[in-house]
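Colleague: structure for the following, please:
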Amino acid sequence: MQPSSAQPRVTAVLVVANGADHLDRTLAALASQTRHPDNLVVVDVGSTDGSTAELEFGGSAQLTRIPAGRSFGDAVAVGEQAAPHPESDESVDEWLWLVGHDNAPAPTALAEMLAAVEIAPSVAVAGPKLTAVDDPSRIRAFGESMTRFGRSLVLVQDELDQGQHDRNTDVMAVAAGGMLVRRSVWKVLGGFDPALPDVDAALDFCVRVRLAGHRVAVVPDARATTAGPIEEFGRKRVSEARRVRLHRQAQLHRRMTYAPAGLLWLHWLTLVPFAVGRAVGHLVAKHPAAVSGELAAAFAVAFGGGTARSRTALARSKRLGWAAVEPLRISWRRVHERRTTSRDVELARVEDAPLARASFLGDGGIWVVLAAALLSVVTLFPLLGSPALTGGGLLPLSTSVAQLWQNVGYGWHSLGTGFTGPSDPFAAVLAVLGSIVFWSPSTAVVVVVLLAFPVSALGAWFVVRKLTTRMWVPVIGAALYTIAPTLVGAVTTGHLGAVIAHVLLPWLFLTVLEAHRSWASASGAALLFAAVAASAPSLLPVLLIGWLVALAAGWRHAHRRVFIPVPAAVLFVPLVLTQVARGNLLGVFADPGVPSATRAPSALQLAIGQPLPDWNGWLSASSPLDLVAAALPVALAVLALPIAATAIGAVLGHRWSVAGTALLAALLGFATAFAATHVTVTGVGSTTTIVWPGSGLSVYWLAIVVAACIGVDTVPRQAPVVGLVATVFAGVAVAPAFAAFYLGTAVIQPTTGRVLSAYVNAEAQANPDVGTLVVEPQSDGSLAVSLERGQGSTLDDQSTLDATALSLSPSGSRLATLAGNLASRSGYDPEPALRELGISFVLLDDASDDALAQQVHDRAAGAIGQDARFTSIGDTTNGQLFHYDGTVDRTGGGSSASKATHALYLVVLGVVFGAAALLAVPTAPRRRRATSNVLEADEPATTFDEERDE
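Modeller: Below you'll find the predicted structure:
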């Protein structure tokens, strides 16, 4: 193209979309140009802020309105059509100057760009240097390009303008705002691609300009302002999901448009699979808002159409091959350098953060954890080396990981006579633990019990360090929380769920506290919330109240905390709905595990942290001394005074708000424990038992410890003495409980993992559904009856749905009738019931020392032993075993519908918890948006396209 001898004609197309904040300044800047545009067309895109209501033009200026929602490119196309048509004199250059309402140009901007294209006739598109509206010395955009795989990049962004980039004028593309384009080229190319309404529209247009044989340049001396990226034009706010979708959809559309015809099918087939992989990458990189945008972009490009029209337009105007733009692409080295620089800047910012108040290695943290580990070894020495535990609320776990997960979710449960329904959420916790120690799942329970004390100390140390300033105060807090009466009580009585809840509560507190800072903390809090709730359902009200308080306190960052209860809800919804349908909502709060009788402590005992009415073991230890036993309430109350006084006194210090919040939490925990002692929903033999109050006391104790440590932290010179006295007194108060295994008061004991006798186990190898009727004489003269399948019931097989049943099922009633008639001489024919229930063995459990229970045992032994249909196997470690000589039916394993429901529920669990786990995995700090809006849209770095870029 030869230089024009006539003055070029410029039509400025000003696009306005709710631009009241910028329009007046932009109009004034256009009027101040040293080289005025010949025509001005203002295109209003459905503005509702009155920005164009009072505009009136005449002569060469005009106003055109189009409906809201139309793109910047559509507005320019309308403006171009409304502008005066080019003169017949072909020697006159016609130019379009695209201006947004926020693109206020410098006075010489148009003159500089016209001068640049005049001396370089091959340039068909020129663009100014875009600077920030509020800081003209900072570059917002100066040229655009893309990687070899199509990811768009702004060449220079958010840098201080010192002229360091002014020599680089030949670029692949320029931004739409302020673009000067030859009108004839615009018409030949058809303007912006309608399939690219916002993002990458200018980039795609400039690429087609290049392929049509023209050049694109930036003019450093021409300046204009911009208020933000193109996707924010005319919008008050763009969500992160929408931003990602716009950028990713533009990239995928361009990829499909530019791809060779022979590879188009391959690109189309990989759109959705790559989107799924990138969505997982977003989760790993703590960018969950991008997941929906990523998937939506892939489906929109794959099935939304528009690619064929774009490919036709490109083929019609293309004159050069892709080698024409290849030198202008961003190399992988430069992408890597930009990413590395961004990461270094972010890491430097993190490293400049204030140092921790106390060092775990240098300020006693490691020593208190080691001391807690030593305490665990000494206290639980009889359990060392044991493959499984039994007693209290414990039984061995299933012997295979597959069986563990089979007991998770909704489906058939072989417990007792069998039923179809939801499992306890705690079954999922056990399945995870057992899967970790997959070669011996029951060992996981032993490991949890042994690690309970040191892990509790570790969590409490970090909690107290977070809330105090003195270096040694976290040691006091860790020691107090480790020797909590509720923890040692739960360990020695076999309340595994309460143990897990106690261990996890400090970590849950920490993650909820930090949830506003990162998705990793929020997702970790969600997982811990679910684990604590599943392990101790009685804490559900406390957890929900705590979550609501956290939402209200951190409402500015509520979008991260609002999803914390979701995993727990997925676990509990089936059980809650079933219990509501049965009219037994309180059954949801029943303790998971083997039902075991628990005596209710008094209000005073709850107040000093005791979950059992044995005064922390002092009652049995001092039983020979009546005077000492009578003084126990007063003595233990006195021992609790230092920690109580320090906690209450904390509200008098300058940290009164934090201490007061902790005391309110303590009150909530105490109320939960007190309420638990009045809720009897679980059946144990011929009676019912209360909900374990120790879970509520764990919350109570943690809050009291936090308040006491804040009090110690604010006390001046007497602080070390007060902290030491409180710890020593608390240790003395709980000492007999830690000696339970040596005093013979511990309920749990090591076992080989076998629940029933070896004879039954051998039979179960051939027939996994073999039934064993277990009859246990009670002290009130009744019989406790249960039906064991295979090698016996396991901990993961237990169900609160069965334990809290308000009435016996028909099969349960038949089982009770069978046991009652077998245990006494009668004319009852047991064969039909034995056959239909699949019972091949009868186990008569040993009676207690009670005379009435022994009488019931002897009568049952005589009745069964004299029945010719039974053969006595002999005495076992579990009791007297009899074998039924008749044939029995094989019991069913649930319908196909229940199996399908179970599989579907496991898939839902996998999706929800898998996503939360991916988000909870720590990663490197994310880059800030200031680095590059386009880079952030394609974050994280672990995506397919970015990996290939590197």
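
Colleague: okay, CA-based contacts and neighbour counts for the rest of this
Modeller: OK.

Colleague: per-residue pLDDT of the residue nearest the centre of the chain, please?
Modeller: Nearest residue to the geometric centre of the chain (CA atoms, centre = their mean): Ser523, 2.6 Å. What the model reports for Ser523 is a pLDDT of 90.

Colleague: and it, its phi and psi?
Modeller: Phi and psi for Ser523, reported as degrees, to the nearest 10, are phi -70, psi -40.

Colleague: check contacts around it.
Modeller: Ala515, Ile564, Ala916, Ala917, Leu919, Ala920 (CA atoms under 8 Å, 6 or more residues apart in numbering).

Colleague: if I look at the second one, how far off is Val218?
Modeller: Summarising the geometry, the distance separating Ile564 from Val218, computed by CA to CA, to the nearest Å, is 49 Å.

Colleague: what about the two, which has more around it?
Modeller: More neighbours surround Val218 than the other of Ile564 and Val218, with 29 against 24 (other CA atoms under 10 Å).

Colleague: would that one count as being in a strand?
Modeller: Yes. Membership of Val218 in a strand is supported by DSSP: H, G, I helix; E, B strand; the rest coil.

Colleague: which residues does it contact?
Modeller: Val218 makes contact with Ala126, Gly127, Pro128, Lys129, Phe142, Gly143, Thr169, Asp170, Val171, Val174, according to CA under 8 Å, 6+ apart.

Colleague: now Asp845. Nearest residue, chain neighbours left out?
Modeller: Gly879 (4.4 Å; CA to CA, 6 or more residues apart in numbering).

Colleague: low-confidence ranges, the stretch 251-400 of the chain, go.
Modeller: Scanning the stretch 251-400 of the chain for pLDDT under 70 picks out 286, 338-359.

Colleague: picking up where we left off before, can I get the contacts of Ser523 in CSV with secondary structure?
Modeller: Below are the contacts of Ser523 laid out as CSV (three-state DSSP):
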residue, secondary structure
Ala515, coil
Ile564, coil
Ala916, helix
Ala917, helix
Leu919, helix
Ala920, helix
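
Colleague: may I ask which two of those residues are separated the most?
Modeller: Ala515 and Ala917 (14.5 Å; CA to CA).

Colleague: more crowded one of the two?
Modeller: Ranked by neighbour count (other CA under 10 Å), Ala515 and Ala917 place Ala515 first, with 25 against 18.

Colleague: how close does the more buried one get to Trp555?
Modeller: Counting by CA to CA, the gap from Ala515 to Trp555 is 12 Å.

Colleague: and the residue nearest to Asp845, what does it touch?
Modeller: Taking CA under 8 Å, 6+ apart as the test, what Gly879 contacts is Leu843, Leu844, Asp845, Asp846.

Colleague: cool, and Val888?
Modeller: By CA under 8 Å, 6+ apart, the neighbours of Val888 are Leu834, Arg835, Glu836, Leu837, Gly838, Ile839, Ser840.

Colleague: look up the closest residue to Gly306, ignoring the ones flanking it.
Modeller: Counting by CA to CA, 6+ apart, the residue nearest Gly306 is Ala195, at 6.0 Å.

Colleague: could you count how many residues lie near the one you found?
Modeller: So Ala195, with other CA under 10 Å, has 18 neighbours.

Colleague: one more: the one 4 residues further on?
Modeller: For Val199, the number of neighbouring residues by other CA under 10 Å comes to 24.

Colleague: hang on, it in a helix?
Modeller: No. The assignment for Val199 (three-state DSSP) gives coil, which keeps it out of a helix.

Colleague: quick one: pLDDT of it?
Modeller: 89.

Colleague: repeat that for Val475.
Modeller: For Val475, the predicted pLDDT is 90.

Colleague: quick one: list the elements packing against the strand or helix carrying it.
Modeller: For Val475, the host element (DSSP states H and E) is helix 473-482. Packing contacts for helix 473-482, counted by 3 or more CA pairs under 8 Å, 6 or more residues apart in numbering; DSSP states H and E, involve helix 365-379, helix 443-467, helix 694-714, helix 719-738.

Colleague: out of those, the one nearest Pro288 is which?
Modeller: That would be helix 443-467 among these, by CA to CA, at 27.4 Å.

Colleague: mind listing what's buried along the closest one?
Modeller: Residues 443-465, 467 are the ones in helix 443-467 that count as buried (16 or more other CA atoms under 10 Å).

Colleague: which other helices and strands contact it?
Modeller: Against helix 443-467 (3+ CA pairs under 8 Å, 6+ apart) you get helix 365-379, strand 388-390, helix 426-436, helix 473-482, helix 496-514, helix 694-714.

Colleague: among these, which comes closest to Ser782?
Modeller: Using CA to CA, the helices and strands packed on helix 443-467 put strand 388-390 closest to Ser782, at 24.3 Å.

Colleague: in its sheet, which strands sit next to the closest one, and in what direction?
Modeller: Its sheet considered, strand 388-390 pairs with strand 749-751 (antiparallel) by DSSP bridges.

Colleague: lowest-confidence entry in the contacts of Val218?
Modeller: Thr169 (86).

Colleague: in this protein, which helix or strand is least confident?
Modeller: Lowest on mean pLDDT, DSSP states H and E among the helices and strands of the chain sits helix 944-949, with a mean of 32.

Colleague: which residues in the stretch 701-850 of the chain form helices?
Modeller: Secondary structure of the stretch 701-850 of the chain, counting by DSSP state H, counting those that start in this stretch: helices at 719-738, 740-743, 758-766, 800-803, 810-822, 831-837.

Colleague: export only the CA atoms of stretch 702-719, formatted as CSV.
Modeller: Coordinates of each C-alpha in stretch 702-719 appear next as CSV, following Å, rounded to 0.1, in the frame of the first residue of the first chain:
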residue,chain,number,x,y,z
LEU,A,702,-10.5,-26.9,75.4
ALA,A,703,-12.2,-23.6,75.9
ILE,A,704,-11.4,-23.5,79.6
VAL,A,705,-7.7,-24.2,78.8
VAL,A,706,-7.6,-21.4,76.2
ALA,A,707,-9.2,-18.9,78.6
ALA,A,708,-6.8,-20.0,81.4
CYS,A,709,-3.8,-19.6,79.1
ILE,A,710,-4.9,-16.1,78.1
GLY,A,711,-5.3,-15.4,81.8
VAL,A,712,-1.8,-16.7,82.5
ASP,A,713,-0.4,-14.7,79.6
THR,A,714,-1.8,-11.5,81.0
VAL,A,715,-0.7,-12.0,84.6
PRO,A,716,2.6,-10.2,85.3
ARG,A,717,5.2,-11.7,87.5
GLN,A,718,3.1,-14.5,89.0
ALA,A,719,2.4,-16.1,85.6
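
Colleague: quick one: mean pLDDT over it.
Modeller: What stretch 702-719 shows for mean pLDDT is 83.

Colleague: likewise stretch 675-687?
Modeller: For stretch 675-687, the per-residue pLDDT averages 81.

Colleague: how long is it end to end?
Modeller: Per CA to CA, the first residue of stretch 675-687 is 19 Å away from its last.

Colleague: so which of the contacts of Val888 wins on neighbours?
Modeller: Most neighbours among the contacts of Val888, by other CA under 10 Å: Ile839, with 26 neighbours.

Colleague: gap between the nearest residue to it once chain neighbours are set aside and Lys129?
Modeller: Nearest residue to Ile839, sequence neighbours excluded (CA to CA, 6+ apart): Gly771, at 4.2 Å. Note on Gly771: its distance to Lys129, by CA to CA, is 83 Å.

Colleague: what do you get for Ala740?
Modeller: 78 Å.

Colleague: more neighbours, these two?
Modeller: Neighbour tally, Ala740 and Lys129, criterion other CA under 10 Å: the higher count belongs to Lys129, 27 against 21.

Colleague: in the sheet, who's paired with that one?
Modeller: Note on Lys129: beta-bridge partners Arg223, judged by DSSP bridges.

Colleague: list the contacts for the residue nearest to Ile839?
Modeller: Counted by CA under 8 Å, 6+ apart, Gly771 has contacts Leu787, Glu788, Arg789, Gly790, Leu837, Gly838, Ile839, Ser840, Phe841.

Colleague: what's near enough to touch the fourth one?
Modeller: What it means is Gly790. Contact partners of Gly790, counting by CA under 8 Å, 6+ apart, are Val760, Asn761, Ala764, Gln765, Asn767, Pro768, Asp769, Val770, Gly771, Thr772.
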